[in-house]
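[1] Got a predicted structure plus its sequence, pasted below:
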Amino acid sequence: MSTVFIALQTNEDTRQIIEAIVQDNPHAVVNEQPAMVKIDAEGKLVVRRESIEELIGRPYDLQELQVHLITMSGNLDQDDDAMTLYWNA
Amino acid sequence: MQIDLQTIAIKPLRHTFDNIARRIGADKPATRYQEGTLDMQQTANFHYRPTWDPDHDIYDASRSAIKMADWYAFKDPRQFYYGAYTMARAKQQDTAEANFDFVENRGLADNLPADVRDTVLKLLVPLRHVAWGSNMNNAAVCAYGYGTGFSQPHIYQSMDQLGIAQYITRVGLLLGSVEVLDEAKQAWLEDDAWQGLRRFVEDSMVVKDPFELFVVQNVVLDGLMYPLVYETIIDDVLSTRGGTPVAMLTQFMTDWFAETKKWADATVKIAAGESAENKALLTQWIGAWRDRAAAALLPVARIALGERTDELVGEVVQQFNARMAKAGVAL
């Protein structure tokens, strides 16, 4: 298995997004760097809209994530409810 | 000369205030909402009791019959603090302005069927007085309620109602002229259809218990009136009779209710879940005021619904009961 990752800017808006990602992906490793948070996960990483909405208390469009996104790796599968990064085994 | 650029990660020594850290369990970054809400209200060193109410401290939990071990158990699911609230409403204001522009520029108001226009003026415009009542009531809950988690959303609710009154006024001015406002006030004061609701609003203004007032205004009256007037009558019944432009003009009210009812439900749920006494009290308040509100809204709904009134009001009450059951108060 290889690692997928997503890197987001560190700011007021991403804190809860990161919290949601950590909740949904117990195997993920959060790597805090200056002004950037990189989240590594073995094999697969899911960003779920519902978990983010619960934490921020408003409707959320996953495309809003693009504003804070620095980089990512893995195959991307995105729909309205979730954004999944994975490697084809 | 060679310069090496290096990044150094500087970790903050503390992430939030001690009082917030105690509440959220650890010193980790807190949200603006948490920092702007938890423990904001003063709880000690009240040197003198207010001369206008010597039986209570200026902030006093005993003003309400609802008992909470911790009043900060109340959380606003929308996480509104001043910044988030004003930004959310500014966005909605832009949408509302665009809707009004759309209706005005295309002359949609002039093309409304005469009977729809009449119904809207008769039904909607007097509701600005109800909105004003809610503005007063919510400001009172904010003033006398205990704990920022509970009191804070009420001042937003209060301002929202002022905004709703203004939107209603603008709808009236767009569909009619300045006189419609006077006529609506006359109807509010003298027309038989409105006296039950007027009495309800006036009686609510003298409810002393801040939590009961929250229940009367934001749970019961809004919980019945908004689904009935905006969702059932305007968005549904009048739209099928060619009144869609009106639904555009009242979009804010529909959206606003969908948003605020989440907060009202959460608040009821937390209070009812606290103790059996709270639950009994809430059941009694909601039941009694619901019956009054439903009776007061009947003649008002009849203005638009005619003979379908009983059936549709009954449906709205049933939805309301189901909503309350979900929030933990079985009626």
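    Thanks, I have it.
[2] Doesn't B:Tyr156 belong to a strand?
    No: applying DSSP: H, G, I helix; E, B strand; the rest coil, one finds B:Tyr156 to be helix, outside a strand.
[3] Can you check what pLDDT the model gives it?
    At B:Tyr156, the model reports a pLDDT of 97.
[4] next one: the one 3 residues further on
    pLDDT, B:Met159: 97.
[5] Now do the contacts for it.
    Contacts for B:Met159 (CB atoms under 8 Å, 6 or more residues apart in numbering or on different chains) come out as B:Asn135. (Glycine included, C-beta is placed from N, CA and C.)
[6] Which of the helices or strands spans it?
    Assigned by DSSP states H and E, B:Met159 falls within helix B:148-175.
[7] quick one: the helix ranked longest in chain B to chain centroid distance?
    For chain B, the helix with the greatest residue count under DSSP state H is helix B:276-305. Distance of helix B:276-305 from the chain centroid (CA atoms, centre = their mean, to the nearest Å) equals 16 Å.
[8] Equivalent analysis for stretch B:14-26, please.
    31 Å.
[9] check contacts around the nearest residue to A:Ile56 once chain neighbours are set aside.
    Excluding the flanking residues, the one nearest A:Ile56 by CB to CB, 6 or more residues apart in numbering or on different chains is A:Gln16, at 5.1 Å. The contact partners of A:Gln16, by CB under 8 Å, 6+ apart, come to A:Ile52, A:Leu55, A:Ile56, B:Thr31.
[10] B:Met248 - how many residues pack around it?
    18 (other CB atoms under 10 Å in any protein chain shown).
[11] can you pull out the helices in chain A?
    So, for chain A - with DSSP H - the helices run A:14-24, A:49-56.
[12] Would you reformat the ones you listed as TSV and include mean pLDDT?
    Putting the helices of chain A into TSV (pLDDT from 0 to 100) gives the following:
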stretch	mean pLDDT
helix A:14-24	93
helix A:49-56	92
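[13] Pick out the residue of chain B closest to chain A.
    At 3.8 Å from chain A, B:Gln79 is the closest residue in chain B, using CB to the nearest CB.
[14] measure B:Pro77 to B:Gly25 for me?
    Using CB to CB, to the nearest Å, we find B:Pro77 at a distance of 20 Å from B:Gly25.
[15] tell me which residues of stretch B:153-165 are tucked away?
    Neighbour counts over stretch B:153-165 (16 or more other CB atoms under 10 Å in any protein chain shown) mark B:Pro153, B:His154, B:Ile155, B:Tyr156, B:Gln157, B:Ser158, B:Met159, B:Asp160, B:Gln161, B:Gly163, B:Ile164, B:Ala165 as buried.
[16] on that earlier part again, packing partners for the longest helix of chain B?
    helix B:114-124, helix B:192-204, helix B:222-226, helix B:251-274, helix B:309-326 (3 or more CB pairs under 8 Å, 6 or more residues apart in numbering or on different chains; DSSP states H and E).
[17] so of those, which one's packed in deepest?
    Counting by mean count of other CB atoms under 10 Å in any protein chain shown, helix B:222-226 has the highest mean neighbour count of the helices and strands packed on helix B:276-305, with a mean of 23.
[18] Spell out which residues of chain B are next to chain A.
    Neighbours of chain A within chain B, by CB under 8 Å from any CB of the partner chain: B:7-10, B:29, B:31-33, B:76-80, B:88.
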